[in-house]
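Q: Using only what follows, build the 3D model:
(one chain, ligands or ions: 1)
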Amino acid sequence: MSAPVLEAVDVTKHFPVRGLLKRGAGRVVHAVDNVSLKLYAGRITALVGESGSGKSTLARLLAQLYPVTSGEIRLHGQPVRATSGKAFRDHVSKVQLILQDPFASFNPVASIASTLKRAVSIHHADKRGDAQLAVIDDLLTQTNLVPPRQFTEKFPHELSGGQLQRVSIARALAASPEVFLADEPVSSLDVSIRLGILNLLRRLTEEREVAMLYVTHDIASARYFATDTAVMYAGEIVETGPSETVTQQAAHPYTKLLISSAPDPSRVDTERIRDIGQPPSLITPPSGCRFHPRCPFALDRCKQETPPTFELADGHTTRCWLYADKPEPAASERPDAS
Ligand SMILES: Nc1ncnc2c1ncn2[C@@H]1O[C@H](COP(=O)(O)OP(=O)(O)OP(=O)(O)O)[C@@H](O)[C@H]1O
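A: Prediction:
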């Protein structure tokens, strides 16, 4: 595989806890802890996890919307610290974020033409008049909004969610980016039109050799849509690998839980996991493996020791003590367990 286009290297993001009570002082939300992730040209990487697991924060760190607390974001191997000014604008021209709710990301009183003109005048500064309109027509055509002039004079409220998400993809394309960070790009849309948007994103990724991060809570869609999948739990990545392997031969009990709670009819049946709890507080995350309070297979060491990354096969990794060479017996299986 070639070198990654964009990567997070051992990245941590803590948000201070704000509140009226003094006991909040100095405490932080561990939104992302020591996460590494690589995005490659022409490949889609799904980042999957429950609400609050830190997926959007990681996408925003890659987009340079926040500074990291520690670790590094690298573009073509070079560290980037570009959360403001020209450096940020340069980063945005290469790395484009597509958000979940297209209605929230458009000015409701600006026509589609004027929104796209703004993007085109930033990223194609040499184009004016008809040349600028030709770029807009081309962007709309590439996102299957045809004939383009049927859409340019419309306002956001006159389009469906799916059409508007296509316009936001067209706006992102204006920058000719190397990376798309698509944060739940279809979850606010009607189920019947989700596939069309995902197929469009996949076609653009392949045709333009763009690297794509696909943030989702839907692990079944990751199998269908993404080349690689990373599973995130409570601010940490717990499993990575080719999507087919992660979804068909899931290793981490949390991944198995996600699969059990979102059945995919075409999936080879894997072990079902019963959910026995809730995601933990990220202000005081559990010691050891953060999943241990919910894990039916938890060993004693899971409560105290943070699992390292175990390499399984073919780029498949997991952070779970069950995959250590000589695991301890589960607490419930020990002869001294009462
Ligand atoms: N700006 C912020 N200030 C304080 N806490 C934040 C901030 N942004 C996110 N968090 C917290 O960080 C944690 C991770 O949130 P994040 O939005 O990244 O998760 P997520 O997996 O994307 O969830 P969702 O799918 O609901 O968007 C949550 O506990 C959230 O409340």
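Q: now the helices: where do they sit in the stretch 201-338 of the chain?
A: Assigned by DSSP state H, counting those that start in this stretch, the stretch 201-338 of the chain shows helices spanning 219-225, 243-248, 253-261, 300-304.
Q: Output these as a markdown table; include the columns distance to the ligand and mean neighbour count.
A: For the C-beta atoms, the positions are set from N, CA and C on the backbone; glycine is no exception. Listed next are the helices of the stretch 201-338 of the chain as a markdown table, based on distance: least, Cβ to the nearest ligand atom, whole Å; neighbours: other Cβ atoms under 10 Å:
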| stretch | distance to the ligand | mean neighbour count |
| --- | --- | --- |
| helix 219-225 | 13 | 21 |
| helix 243-248 | 17 | 21 |
| helix 253-261 | 12 | 22 |
| helix 300-304 | 22 | 17 |
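Q: Is it possible to get a markdown table of the ones you listed that adds distance to Ala82 and mean pLDDT?
A: What follows is those, written out as a markdown table (distance: least, Cβ to Cβ, whole Å; pLDDT from 0 to 100):
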| stretch | distance to Ala82 | mean pLDDT |
| --- | --- | --- |
| helix 219-225 | 29 | 92 |
| helix 243-248 | 30 | 95 |
| helix 253-261 | 33 | 92 |
| helix 300-304 | 38 | 95 |
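Q: closest one to Ala113 among the ones you listed?
A: Ala113 sits nearest to helix 219-225 of all those, at 30.7 Å, using Cβ to Cβ.
Q: Other residues contacting the closest one?
A: Identification of contacts with helix 219-225 by Cβ atoms under 8 Å, 6 or more residues apart in numbering yields 44, 46, 48, 186, 194, 198, 201-202, 214, 216, 229, 231, 243-244, 246-248, 255, 258-259, 262-264, 267.
Q: likewise stretch 141-148?
A: 136-137, 140, 151, 163, 166-167, 169-170, 173, 196, 200, 204.
Q: what about Leu97, which helix or strand?
A: Per DSSP states H and E: Leu97 is located in strand 95-98.
Q: Figure out how far that strand is from the centre of its chain.
A: Centre-to-centre, strand 95-98 and its host chain are 11 Å apart (Cα atoms, centre = their mean, to the nearest Å).
Q: Contacts for that strand next, please.
A: 6, 59-60, 62-65, 75, 165, 168-169, 172, 175, 177-183, 185.
Q: All set, thanks.
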